[in-house]
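Enquirer: 3D model of this:
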Amino acid sequence: MAMHTILLKLAPVLMTGILLASVQVSAVQAEQSTVERKTKRVPTLRSKVYDQLSRAQSLADGGDQAAAFEVLDRVKSKASSMNSYEQAMLYNFYGFIHYEAENYDQAIAAFENVVQQQPIPETFEQATLFSLAQLHMMRGNFDKAITKIEQWENIQKALHPTKEVPAKNLVLKAQAMYQKQDYAAASQYINAAVTQVESNDLGFQVDEQWYVLQRAVYFELKQPEQVKDVLLKLVKKFEAPKYWLQLAGMYGELGQEQKQLAIMEIAQQKSFVATGADMFNLAQLYYYHQMPYKAAAIMQEALDAGKLPEDERNLTFLAQSWNFAKETQKAIPVMLAAAKLSATGDLYAQLGQMYLNMDNWEQAIAASQQALEKGDLRNEGMSHLVMGMAQFNVGEYNQALNQLAKAQEFNGSRSMAQQWTKYVEGERKQYATFVSVGS
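Expert: Numbering: from 1, shown residues only. Predicted coordinates:
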């Protein structure tokens with residue numbers, strides 16, 4: 001399944017740790033909550049420092065990152081006269097510009113400097129820690145990502161001891177554990193996050209990617225029943241073709257073939273069965289459920305539309321479906337085309353049997369002969385048997401008995417060949433008697 005890859009994206013939280021040019025000093029200072037003012041005294045951000053940081057932000061927004069870094073470097077040269085909050089904001093701007101330039105390691109180093117400056121507002125520190133956790137996830141530093149998110153949680157517990165761990169934190173931990181292949185821990189965290197949001201009374205909905213991660217974790221834990229349950233939610237909440245097709249696949253894995261077919265038929269009605277591979281899968285389901293005409297029809301549609309190549313596999317399956325549906329006239333030209341592509345004589349052998357069933361004796365003999373000439377047959381005896389039966393029906397008794405004798409050399413055809421030999425010998429004697437009497 002496509003479910004194995006989990007995309008790790010920076011959440012909007014990263015931007016909440018960044019002071020944009022349009023933000024005024026008063027607004028920045030207003031971020032310090034009542035709780036923060038009670039827990040520690042945070043210095044203010046002076047206007048002259050803010051003006052320089054805002055100028056650097058404007059330059060960066062205009063695409064002149066080099067000039068933006070020059071401004072920040074000039075501010076940094078006066079760091080000895082700056083308070084902790086001002087220095088934290090300085091490094092925050094460094095981090096933001098590096099992030100925008102996709103210099104993620106430099107961004108991490110800058111944001112690490114932010115949280116080292118104390119005291120700073122707790123909300124600012126938490127936002128930076130969350131951004132660090134996300135950046136470490138992007139860089140594949142999964143243990144560091146977990147450490148940063150737990151530092152965020154320690155601050156939260158100190159400020160709000162009764163509040164539960166936010167779902168976003170649990171999801172980030174689950175992503176890290178998934179990447180570390182600790183699927184049991186990942187399951188614990190993602191399940192808790194999903195349950196938290198599903199049970200809230202605020203009308204929030206679980207993010208689609210959370211369900212995708214939950215499904216992937218269950219898949220790795222080899223829990224198909226749970227995978228199916230998550231896919232049912234994805235189908236219900238997010239109308240995406242891939243979820244319908246994956247749900248059908250899980251029902252198949254669970255051995256619930258009737259439900260698998262039902263879901264695939266609904267998907268087809270919704271025009272979700274669009275690729276050649278999906279059409280082939282549906283055709284196989286129809287064939288398995290004794291609906292060969294539908295199997296042949298969808299295979300024919302896929303081939304006509306160029307969604308499936310006219311190769312040996314596809315032509316053989318189409319021919320077998322038409323033949324199973326008693327549409328032998330449609331099956332024969334397709335089987336002949338497949339037989340020409342095959343490296344073995346098996347398809348010519350099947351063609352010989354089809355001709356025999358249609359009482360086309362000469363074609364049955366010719367096809368069986370081609371099967372034997374091409375060789376590498378899984379059941380050579382049956383081709384000899386078919387030839388013998390067809391030759392008998394055109395009055396070639398001696399040739400028929402020769403082929404039936406060869407058929408008796410193979411276990412798979414011996415019994416029937418023996419019965420036909422007795423019958424042919426009896427008919428030959430009767431014919432010989434008739435001829436002598438006539439003479």
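
Enquirer: Quick one: neighbours of residue 202, just the number.
Expert: Other residues near residue 202 number 5, with proximity taken as other CB atoms under 10 Å. Where C-beta positions appear, they are placed from N, C-alpha and C, glycine not excepted.

Enquirer: Can you report phi and psi for it?
Expert: When read as degrees, to the nearest 10, the backbone of residue 202 gives phi -100, psi 0.

Enquirer: Next one: it, what pLDDT does it get?
Expert: Predicted confidence (pLDDT) at residue 202: the value is 73.

Enquirer: ok, now residue 98?
Expert: What the model reports as pLDDT for residue 98 is 93.

Enquirer: Skip ahead from whatever helix or strand residue 383 lives in and say which helix or strand is next.
Expert: In this assignment (DSSP states H and E), residue 383 forms part of helix 380-393. Next helix or strand after helix 380-393 toward the C-terminus (DSSP H and E): helix 397-407.

Enquirer: Give me the packing partners of that next one, helices and strands only.
Expert: helix 380-393, helix 411-438 (3 or more CB pairs under 8 Å, 6 or more residues apart in numbering; DSSP states H and E).

Enquirer: got the contact list for it?
Expert: With contact meaning CB atoms under 8 Å, 6 or more residues apart in numbering, helix 397-407 is reached by 381-382, 384-385, 387-389, 391-392, 413-414, 416-417, 420-421, 424-425, 427-428, 431.

Enquirer: In a markdown table, list the helices and strands packed on helix 397-407 along with mean neighbour count and mean pLDDT.
Expert: Putting the helices and strands packed on helix 397-407 into a markdown table (neighbours: other CB atoms under 10 Å; pLDDT from 0 to 100) gives the following:
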| stretch | mean neighbour count | mean pLDDT |
| --- | --- | --- |
| helix 380-393 | 24 | 96 |
| helix 411-438 | 13 | 88 |
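
Enquirer: a markdown table for these, including distance to residue 167?
Expert: What follows is those, written out as a markdown table (distance: least, CB to CB, whole Å):
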| stretch | distance to residue 167 |
| --- | --- |
| helix 380-393 | 64 |
| helix 411-438 | 63 |
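
Enquirer: closest one to residue 169 among these?
Expert: Using CB to CB as the measure, helix 411-438 is the one of the helices and strands packed on helix 397-407 that comes nearest residue 169, at 65.2 Å.

Enquirer: Check the offset of that closest one from the chain's centre.
Expert: Offset of helix 411-438 from its chain centre (CA atoms, centre = their mean, to the nearest Å): 60 Å.

Enquirer: other SSEs contacting it?
Expert: In terms of contacts (3+ CB pairs under 8 Å, 6+ apart), helix 411-438 is packed against helix 380-393, helix 397-407.

Enquirer: Save those helices as a markdown table, and put in distance to residue 319 too.
Expert: Output for the helices and strands packed on helix 411-438, formatted as a markdown table (distance: least, CB to CB, whole Å):
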| stretch | distance to residue 319 |
| --- | --- |
| helix 380-393 | 17 |
| helix 397-407 | 24 |
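
Enquirer: just for this protein, where's the confidence low?
Expert: 1-40, 435, 438-439 (pLDDT under 70).

Enquirer: try it again with 80
Expert: 1-40, 201-204, 432, 434-439 (pLDDT under 80).

Enquirer: per-domain residue ranges of it.
Expert: Here the domain parsing of the chain from automatic domain parsing is 1-160, 274-341, 358-439.

Enquirer: and residue 104, how many neighbours?
Expert: Residue 104 has 15 neighbouring residues, counting by other CB under 10 Å.

Enquirer: can I assume it is in contact with residue 138?
Expert: Yes. Using CB atoms under 8 Å, residue 104 is in contact with residue 138, at 6.1 Å.

Enquirer: what's in contact with stretch 275-282?
Expert: 245, 264-265, 267-268, 272-273, 298-299, 301-302, 307-308, 314, 317.

Enquirer: what about 7 Å?
Expert: Outside stretch 275-282, the residues that touch it by CB atoms under 7 Å, 6 or more residues apart in numbering are 245, 264, 268, 273, 298, 301, 302, 307, 308.

Enquirer: Name the residues of that stretch that are buried.
Expert: The neighbour-count check on stretch 275-282 (16 or more other CB atoms under 10 Å) flags 276, 278, 279, 280, 281, 282 as buried.

Enquirer: quick one on the thing from earlier: for residue 190, find the nearest of the helices and strands packed on helix 397-407.
Expert: Using CB to CB as the measure, helix 411-438 is the one of these that comes nearest residue 190, at 54.0 Å.

Enquirer: so that closest one versus helix 397-407, what angle?
Expert: Using axes from the mean of the first three to the mean of the last three CA atoms, to 10 degrees, the inter-axis angle of helix 411-438 relative to helix 397-407 is 160 degrees.

Enquirer: Helix 411-438 vs helix 380-393, what angle?
Expert: Here helix 411-438 runs at an angle of 20 degrees relative to helix 380-393 (the same axes, to 10 degrees).

Enquirer: Contact partners for residue 128?
Expert: For residue 128, the contact set (CB under 7 Å, 6+ apart) comprises 17, 92, 111, 114, 115.

Enquirer: Can you show me the CA trace of the helix or strand harbouring the fourth one as PDB?
Expert: Residue 114 is located in helix 104-116, with elements delineated by DSSP H and E. C-alpha atoms of helix 104-116 as PDB (Å, rounded to 0.1, in the frame of the first residue of the first chain):
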ATOM      1  CA  TYR A 104      17.400  24.100   7.700                       C
ATOM      2  CA  ASP A 105      20.500  23.300   9.800                       C
ATOM      3  CA  GLN A 106      21.300  27.000  10.200                       C
ATOM      4  CA  ALA A 107      17.600  27.600  11.100                       C
ATOM      5  CA  ILE A 108      17.800  24.900  13.800                       C
ATOM      6  CA  ALA A 109      21.000  26.500  15.200                       C
ATOM      7  CA  ALA A 110      19.400  29.900  15.300                       C
ATOM      8  CA  PHE A 111      16.200  28.700  17.000                       C
ATOM      9  CA  GLU A 112      18.300  26.800  19.500                       C
ATOM     10  CA  ASN A 113      19.800  30.100  20.400                       C
ATOM     11  CA  VAL A 114      16.400  31.600  20.900                       C
ATOM     12  CA  VAL A 115      15.400  29.200  23.700                       C
ATOM     13  CA  GLN A 116      18.800  29.600  25.400                       C
END
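
Enquirer: Sounds good, over and out.
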